[in-house]
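Engineer: Below is the structure, and that's it, no one-letter string:
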C-alpha cells in the first residue's frame, strides 16, 4: 500500500466569494452537486470547493509504518453540500458526490506562532467523484493540476487502497469525525473496515 506521502508525490508530479443566491424564509436552497466534465471527459476542477462542507484535516498522515516526511503537510477534505446532506440521511454517498482533498505545506514559526504548525501554500489537490454511469467501480480519482484533469485508471493505487480499506463506499469516513457516528448509526460501515477496526482494537 502506498504511503500518503507517495500519494502526494504522484499528485505533485502530475502538477505543473460565495456568489449571491435567492434565500428562502427558512434557509438557502442546497446547490446541485457540481460535477462537470469537458467534451473529452476531463473533470472540471471546482474552484469554489472551499465554500463546501469541511470534513476533516490530517497532518503528516501515512498508511505505512516509519514514514518520515521532509516537509509537514496538511490534507483537508471538503465535500459538496448536497452530497453531505445525502450522507446525513442515509449514511452513504449519493451519486454525483464530489470531494476535494487539498494538500498544503505546514510551517512552524511565523508571525506570533512559536509552537506547532499552521497551513501555508497549496501544493496539490485531488478530486474523488462518484459517478456510477461513467466509472466501472462507481468512483474515480482526478489529480487536479489545472482547470480540468483526466481520471486515474480504475486500477490506480488510490482506487485499490480505498476499495480495500474505506469505511463507507470507498471513502475514508473513518477519518471524518462528524460522519463516522452517522455511518455507525445507519450500519453502513464496510465489512473490511469493521474487521480492521476489530484487529486494531485488539492490538491496543
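Structural biologist: Sure, I can see it. This one's a predicted model, so the numbers in the text were calculated from it and none came from an experiment.
Engineer: Residue 182 is in contact with residue 87, isn't it?
Structural biologist: Yes: at 6.9 Å, residue 182 counts as touching residue 87 under the criterion of Cβ atoms under 8 Å. The way it works is simple: take the backbone N, C-alpha and C, and place the C-beta from them, glycine included.
Engineer: So for those two, which sits in the more crowded spot?
Structural biologist: residue 87 (27 against 18; other Cβ atoms under 10 Å).
Engineer: Ramachandran coordinates for that one?
Structural biologist: phi -60, psi -40 (degrees, to the nearest 10).
Engineer: Residue 189 too?
Structural biologist: Dihedral angles for residue 189 - degrees, to the nearest 10 - are phi -70, psi 140.
Engineer: All the helices of the protein, in order from the start?
Structural biologist: Secondary structure of the chain, counting by DSSP state H: helices at 4-13, 81-90, 157-165, 180-186, 191-203.
Engineer: Just name whatever secondary elements the last one is in contact with.
Structural biologist: It stands for helix 191-203. Secondary-structure packing of helix 191-203 (3 or more Cβ pairs under 8 Å, 6 or more residues apart in numbering; DSSP states H and E): helix 157-165.
Engineer: In the sheet, which strands lie alongside the lengthiest strand in the chain, parallel or antiparallel?
Structural biologist: Looking across the chain with DSSP state E, the single longest strand is strand 118-130. Using DSSP bridges, the strands paired with strand 118-130 are strand 98-107 (antiparallel), strand 139-143 (antiparallel).
Engineer: before we move on, the earlier item: just send the helices of the chain back as a markdown table, with mean pLDDT too.
Structural biologist: Shown next, in a markdown table, are the helices of the chain (pLDDT from 0 to 100):
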| stretch | mean pLDDT |
| --- | --- |
| helix 4-13 | 46 |
| helix 81-90 | 97 |
| helix 157-165 | 95 |
| helix 180-186 | 97 |
| helix 191-203 | 84 |
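Engineer: so which of those helices gets nearest residue 143?
Structural biologist: In terms of Cβ to Cβ, the element of the helices of the chain nearest to residue 143 is helix 4-13, at 4.8 Å.
Engineer: Tell me where this protein is predicted with low confidence.
Structural biologist: 1-33, 66-69, 202-204 (pLDDT under 70).
Engineer: what's the angle from the longest strand of the chain to helix 157-165?
Structural biologist: Angle between the axes of strand 118-130 and helix 157-165 is 80 degrees (criterion: axes from the mean of the first three to the mean of the last three Cα atoms, to 10 degrees).
Engineer: how about the closest residue to residue 101 other than its chain neighbours, what does it touch?
Structural biologist: Excluding the flanking residues, the one nearest residue 101 by Cβ to Cβ, 6 or more residues apart in numbering is residue 126, at 4.6 Å. Counting by Cβ atoms under 8 Å, 6 or more residues apart in numbering, residue 126 touches 11, 100, 101, 103, 141, 142, 143, 144, 158.
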